[in-house]
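J.: Below: sequence and its predicted model.
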Amino acid sequence: MNLLYLSPWFPFPPTNGSELRINALLRGLAARHEVTLVSFQRRPTDPRGLAVARDLMAGVRLVPWREFDPRSNRARLGLLSPRPRSVVDTYSAEMDALIRETVAEHRYDAVIASQLGMAAYWPTWGHVPAILEEIELGSFIEQIRTAASALGRARRGLMWAKLRAYVRGLLPRFAAVTVVSERERDLLRQIAPDYSAIALVPNGIDLAACAGIQAARDPDTLIFTGAFTYDANHEAMVWFLDEVYPLVRRAAPEVRLVITGDHAGKPLPQAGGVALTGFVDDVRPLVAGAGVAVVPIRQGGGTRLKILEAMALGTPVIATSKGAEGLDVTDGGDILLADTPQAFAEAILRLRRDAALRQNLVNNACRLIRRQYDWAIILPGFIELVERVAVPVATPAQP
């Protein structure tokens, strides 16, 4: 089959959770079908990544991305639009034209539009059956909950009402929609109870690729993986360094913290024994060499690939309930959950001294990944969904 994949991120190489997911799905699809990738480009293109993409894909076409600016004239006009302001402001005439051109040049059996931003281009592909891949609504609910004032909650409540109406109108344009968790599926069902073509495609990790990673483990090293370009990651580290880390260091001064990813120039509380690596080509050896992976996320949506990666690499994980949201994990079985500074610090100190608990968490987590979150398990279901959606076009009618 010929497939057209529309992406808000160019995932070669992948540098964040969205890109990791898109990269895995593209590789799975390309192993069986001809895939053309039309993608926004949010950073300078890595020549090696572009070469990899061109080897995998039948075609690769890129359009520069422009960030949402709530103060722009288009964003202000978006207040009067039935579409969310971010969609109005970031809608690209260049992307619109490129998709139309691509569809005119080739016959496609299905379109996969990744995330809500790419779904907005539905008029460009005509009657080709389409899948909206990974709709995420939980983060919008979170914005209402965390608003600092009544006025802020009211404004975000209006935004949520507009988004609900927009999604309800958008869904009939798609033969199927995917979500990453049961919570997201429940939210979508609440918004559009008459829409039933919702498929759960969780985030995953390539367990086989993690198996060959070797690193000497340092029980005194904590690690957090996540770029601060995602606000939830920065907020998590501010909270952790302010509230949790001092408690740990007071009891165990030899403990150190490694933070990976693009830190976007954002400030952090002063603390000893903290190393900022910036972006690294392959974070897996650092994770495999750490004693504990900490995920003190307190806002945002989706599911946490950083947890799955640590589990696949044999590193025990401590997370907030929010950080582990969307994953089928068990507190005390394959992960430790802690939502207060004291509980989080105590969990870290407990893991340092309890080797049996560490090993039990690692063993159970590995079994969980193998059973439920390995891309080798997830991808066949996603590919089957794409093939099923494409059948009306790909298969000629029988006489």
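T.: Arrived safely, thanks for sending.
J.: State the phi and psi torsions of R61.
T.: Main-chain torsions, R61, degrees, to the nearest 10: phi -130, psi 130.
J.: how about the closest residue to it other than its chain neighbours, secondary structure?
T.: Using Cβ to Cβ, 6 or more residues apart in numbering and skipping residues adjacent in sequence, the residue nearest R61 is V38, 4.8 Å away. C-beta here means a position set from N, CA and C on the backbone, and glycine is covered the same way. Using DSSP: H, G, I helix; E, B strand; the rest coil, the secondary structure recorded for V38 is strand.
J.: Would you mind naming the helix or strand containing E67?
T.: In the assignment (DSSP states H and E), E67 maps to no helix and no strand.
J.: Verify the contact between it and S92 for me.
T.: No. The criterion here is Cβ atoms under 8 Å, and E67 misses it with S92 at 11.8 Å.
J.: the more surrounded of the two?
T.: S92 (17 against 8; other Cβ atoms under 10 Å).
J.: what sits against the more buried one?
T.: Contacts for S92 (Cβ atoms under 8 Å, 6 or more residues apart in numbering) come out as 40, 63, 65-66.
J.: Using TSV, lay out the residues you listed together with neighbour count, distance to T277 and pLDDT.
T.: Listed next are the contacts of S92 as TSV, based on neighbours: other Cβ atoms under 10 Å; distance: Cβ to Cβ, whole Å; pLDDT from 0 to 100:
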residue	neighbour count	distance to T277	pLDDT
F40	20	26	97
V63	18	31	97
W65	17	25	95
R66	14	29	91
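J.: Now flag whichever of those is closest to L379.
T.: F40 (23.6 Å; Cβ to Cβ).
J.: That closest one touches W65, doesn't it?
T.: Yes. Assessed by Cβ under 8 Å, F40 is found in contact with W65 at 4.1 Å.
J.: joint contacts of the two?
T.: Joint contacts of F40 and W65 (Cβ under 8 Å, 6+ apart) are 8, 92.
J.: What is the neighbour count of E387?
T.: Neighbours of E387 under the rule other Cβ under 10 Å: 17.
J.: Quick check: it touching L3?
T.: No. E387 is beyond contact range of L3, at 9.6 Å (criterion: Cβ under 8 Å).
J.: tell me the contacts of the closest residue to D331 other than its chain neighbours?
T.: Spatial nearest neighbour of D331, chain neighbours left out: L337 (4.3 Å); criterion: Cβ to Cβ, 6+ apart. Shown in contact with L337 (Cβ under 8 Å, 6+ apart): 318-321, 324, 329, 331.
J.: Give me the buried subset of those residues.
T.: Listed as buried from these are 318-320, 324, 329; burial here means 16 or more other Cβ atoms under 10 Å.
J.: Tabulate the residues you listed in CSV, adding columns for distance to L137 and secondary structure.
T.: Below are the buried ones among the contacts of L337 laid out as CSV (distance: Cβ to Cβ, whole Å; DSSP: H, G, I helix; E, B strand; the rest coil):
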residue, distance to L137, secondary structure
I318, 27, strand
A319, 21, strand
T320, 20, coil
A324, 19, coil
V329, 21, coil
